[in-house]
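**Student:** kindly generate the corresponding structure for this input.
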Amino acid sequence: MTQQLPATLASVAARRADVQRRTAETQIRVAINLDGTGQSRLHTGIGFLDHMLDQIARHGLIDLDVQCDGDLHIDGHHTVEDIGITLGQAFAKAVGDKKGIRRYGHAYVPLDEALSRVVVDFSGRPGLHMDVRFTAAMIGQLDTQLVFEFFQGFVNHAGVTLHIDNLKGVNAHHQCETIFKAFARALRAALEHDPRLGDVIPSTKGSL
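**Tutor:** Numbers count the residues shown, from 1 in each chain. This next block holds a predicted model:
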């Protein structure tokens, strides 16, 4: 006899997505499991971006597979932006109707002298408010201007409101790493199921 799972547990088990995006500039595949253990398989062609995506996986407890073949002979813009877009699409698909999730999440993360705060709302409304003044133009092969483009692509396609503030920092590597770690922890908090909420959508409107 097959045991029937409660609706909330069934939705947890199904929070996976596999999305492909192909253009003349990039060919990308993103696979995620929102209820994973932080495993990752990453190849973007930009080493530091792989390192940042690994932070999302490890600290968000999200299994993440990102494979990208982009036009890096031009620069990293299309690759970074399009990965943000595809990751956002995967999140939107995996999170589904958002029944029972906490919806809001926030985190402060330090790394030596750097400190960042990230706040996320799975509101269904895309919005990015980012206050970061990187102290260097490049971190490895990643143009720091593209961090904004990554998150803009993500919020537009995940349908989330995202506030990112680097509160202090001298080393650009530390600044960026605290941002991505705080982003991961905020995602983890927002996507957790609230046992008191049950199978209800966390909005007075009844939908998100």
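**Student:** name the SS class of the residue lying closest to residue 84 once chain neighbours are set aside, please.
**Tutor:** Nearest residue to residue 84, sequence neighbours excluded (CB to CB, 6 or more residues apart in numbering): residue 153, at 3.0 Å. Where you see a C-beta, it was placed from the backbone N, CA and C, and this is true even at glycine. At residue 153, secondary structure determined by DSSP: H, G, I helix; E, B strand; the rest coil is helix.
**Student:** from residue 99, how far off is residue 153?
**Tutor:** 26 Å (CB to CB, to the nearest Å).
**Student:** who has more neighbours out of the two?
**Tutor:** Neighbour comparison, residue 153 and residue 99: the larger count goes to residue 153, with 22 against 17 (by other CB atoms under 10 Å).
**Student:** where's the more buried one relative to residue 113, distance?
**Tutor:** Per CB to CB, residue 153 is found 29 Å from residue 113.
**Student:** same thing with residue 183?
**Tutor:** From residue 183 across to residue 113, the span is 19 Å (CB to CB).
**Student:** likewise residue 201?
**Tutor:** Relative to residue 113, residue 201 is positioned 41 Å away (CB to CB).
**Student:** which one of those two is surrounded by more residues?
**Tutor:** Set residue 201 next to residue 113 and count neighbours by other CB under 10 Å: residue 201 wins out with 16 against 12.
**Student:** before we move on, what SS does residue 50 have?
**Tutor:** Quick answer, by three-state DSSP: residue 50 is helix.
**Student:** dump the residue contacts of it.
**Tutor:** Listed by CB atoms under 8 Å, 6 or more residues apart in numbering, the contact set of residue 50 reads 42, 43, 44.
**Student:** give me the contacts around the host helix or strand of the first one.
**Tutor:** For residue 42, the enclosing helix or strand under DSSP states H and E is strand 40-43. Among residues not part of strand 40-43, those counted as contacts by CB under 8 Å, 6+ apart are 50, 53, 54, 57, 58, 63, 64, 65, 66, 67, 68.
**Student:** parallel or antiparallel, list what pairs with it.
**Tutor:** Partners of strand 40-43 in the sheet, by DSSP bridges, are strand 63-70 (parallel).
**Student:** what comes up buried for the strand it pairs with?
**Tutor:** Buried residues in strand 63-70, defined by neighbour count with 16 or more other CB atoms under 10 Å: 63, 64, 65, 66, 67, 68, 70.
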